[in-house]
Structure formats: C-alpha cells, structure tokens
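1. Quick one, structure for this:
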Amino acid sequence: MPMERFNNNNRKNLISMVQLIEKRRKIIFNNPLEINYTLMELIDMEQLEYVQENFSKATGLAFVLMDNKGGELLKTGFSEFCNDWYKVEDCRKACGFCHTYSRLETVIDGKPHVFRCPAGLVEVAVPIMARQQYLGIILCGQVRCVEKEGIPDLGVFINRKKELENNKNFTQLYTKIPELPYSKILSTAHLIHVVVNQMIEKKLKRIDKEDGNRRAIELILRKRIAMEMEKALLLSEFNSAEESVDPYLLCHILDFIKKAASEEGAERTQEVTELLLEMLHDSMKHKDRPV
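-> Model prediction:
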C-alpha cells in the first residue's frame, strides 16, 4: 500500500514536507518535456462540469477538480457534512493536508490513489496528465465505505475524531452520507480517469493538427518570400548591368548582328535581334520603367 512507504520515524518529516509544499503552492511535478500546458487550456470546463454533475447524481460521489498547485477549479456534489466541516479552521487544514498528500501520491504512481480522510470518508485522487506532464487531479468520493480495512487512513497523521464526536451537528450530518462498496468507488474513479484523459488527448490532437497547419502555412510563406527576394535580386542585377553598359554601343552591336544575319539568311537570329533592339529602344525612352 502507498502508506507503507512512510513509517513512524518519518511521519513528521512527511507532514512538514506536505505543509511546506501547500504553503508555497509549488508545482509538484517537473516536466521533462518542457511542455507548458494548463488545465484551462486543455479542458472544456463546461463539458467537464456537466460530466462531474452527472457522475455525482449517478453515484452519490462528490467531485473536485484541482490544478497542479492545489487550486480548486470545479466543485460538484458536496455534502452538508463536508461543507460544515470545511468551515472549521482545523478541519479545513486537515482537508488541505489530505489534498496535498494525494497529489504527491498521484505524481509518484501516476494512477488513482485511494485514501480515507481524517473524518473517516473515502476519497480517490485521479491524476490528469498530458503526455507525461502533470496537470492536476480530480478528487472524487466524500462517502462512507462498506469496507473498513485496507484503505490508507490519513487520520493516522491528523486526528480529528474529537471534532466529529463532540459536535452533534457533525454526527447527524455524518449519518446522512451514503455508504458505498469499495469496488463502486474505485470503478467510478477509474471511469472518470478515462473520460477526463480522453478529453485531454482529443484536445492535444486538435492542437497538433493546428500546429501542423500553421507550420505548413509558414513554410509556404517562407518559400514565397524567398522567391520574391530572388526576383528582386535578379531585377536589381539586371538594372545594374543595364546602367553599366552604354546603350548606344549595344544598339550598334545589335544592328551589326542584324545585318550580318540578314546577309547570311539567318532569319531566326535576325528576328531575335530586332526584338532586342526594340526592347532596348523602349528602355532608353522610359528609363524609370523596367523592361
């Protein structure tokens, strides 16, 4: 079990580490691929809210979407007990500890992590990934579980039993919370894991396609710019060559070639020479207009 990696001698160190991360709101996952996606970029929040609400109605579980810094983005199906529990400062801190611990576990394992909170309710932290980048989690649960053993209990770290036992309102509200079998809680968590990560992958494919189209357009534009630059260079070289040659001398040379071609009966050469002479005369009349 994940809790076994922490023994009695290092529990204090674990709590200190978790509290430090929570206080500084650090990102708890280093992205080796240097991708900088966020949940807001990759998830349709309205669609996910619709999914969460329907899962909550069908299963009785509560859902909380959190980013990789622990910020809450969507809450669905909270019970009266959890709403009142969260209003008590010490209880709220206990919840914050649970959320941070569960984020750590999902980063380490990369899969849903089940735990029992200090109030005795079972929750599952479902990781949200984008091609090895950790984006956040969905916490689902806040229900009592039929099975009493075999689930990591965070009440070992933070004991809040006195608040639960000494507050009649908490006791009454606690009994109203649905009790579900462990298998149903876990299967629901795995299902929401598949649905959310499919939403992420679909968005990533759309981004890849848009990036591919953009790169193709950029390539076409680069080729067009290169062609225009080459054309401008050739025109510049032509104008430079035209300025460096005496056009009257060139006319005499072409006229000589035309006469020689006429005497030799080279009609094609004569036609081309006459055309060049015509272009040259036109250029001399309109020096500001390129031939």
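
2. Show the average pLDDT along the one helix or strand His252 maps to.
-> His252 is part of helix 247-264 when elements are defined by DSSP states H and E. Averaged over helix 247-264, pLDDT sits at 76.

3. helices or strands up against that helix?
-> helix 267-285 (3 or more Cβ pairs under 8 Å, 6 or more residues apart in numbering; DSSP states H and E). C-beta here means a position set from N, CA and C on the backbone, and glycine is covered the same way.

4. Using CSV, write down the CA coordinates of the helix it packs on.
-> The C-alpha coordinates for helix 267-285 follow below in CSV (Å, rounded to 0.1, in the frame of the first residue of the first chain):
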residue,chain,number,x,y,z
GLU,A,267,16.0,34.7,-90.3
ARG,A,268,15.5,33.5,-86.7
THR,A,269,18.6,35.3,-85.5
GLN,A,270,17.5,38.4,-87.3
GLU,A,271,14.1,38.3,-85.7
VAL,A,272,15.5,37.9,-82.2
THR,A,273,18.0,40.7,-82.8
GLU,A,274,15.2,43.0,-84.0
LEU,A,275,13.2,42.2,-80.9
LEU,A,276,16.1,43.0,-78.6
LEU,A,277,16.7,46.3,-80.4
GLU,A,278,13.1,47.2,-80.0
MET,A,279,13.2,46.4,-76.2
LEU,A,280,16.4,48.4,-75.8
HIS,A,281,15.0,51.5,-77.7
ASP,A,282,11.9,51.3,-75.5
SER,A,283,14.0,51.1,-72.3
MET,A,284,16.1,54.1,-73.4
LYS,A,285,12.9,56.1,-73.9
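
5. Distance-wise, check Gly265 relative to Ile217.
-> 56 Å (Cβ to Cβ, to the nearest Å).

6. now Ala119
-> Distance from Ala119 to Ile217, counting by Cβ to Cβ: 55 Å.

7. quick one: which of these two has more around it?
-> Set side by side, Ala119 and Ile217 show more neighbours around Ala119, with 23 against 10, by other Cβ atoms under 10 Å.

8. wait, doesn't the more buried one sit right on Cys91?
-> Yes - at 7.5 Å, Ala119 counts as touching Cys91 under the criterion of Cβ atoms under 8 Å.

9. before we move on, which element is Ile138 in?
-> Short version: Ile138 belongs to strand 133-145, going by DSSP H and E.

10. pLDDT of that strand, averaged?
-> Mean pLDDT, strand 133-145: 88.
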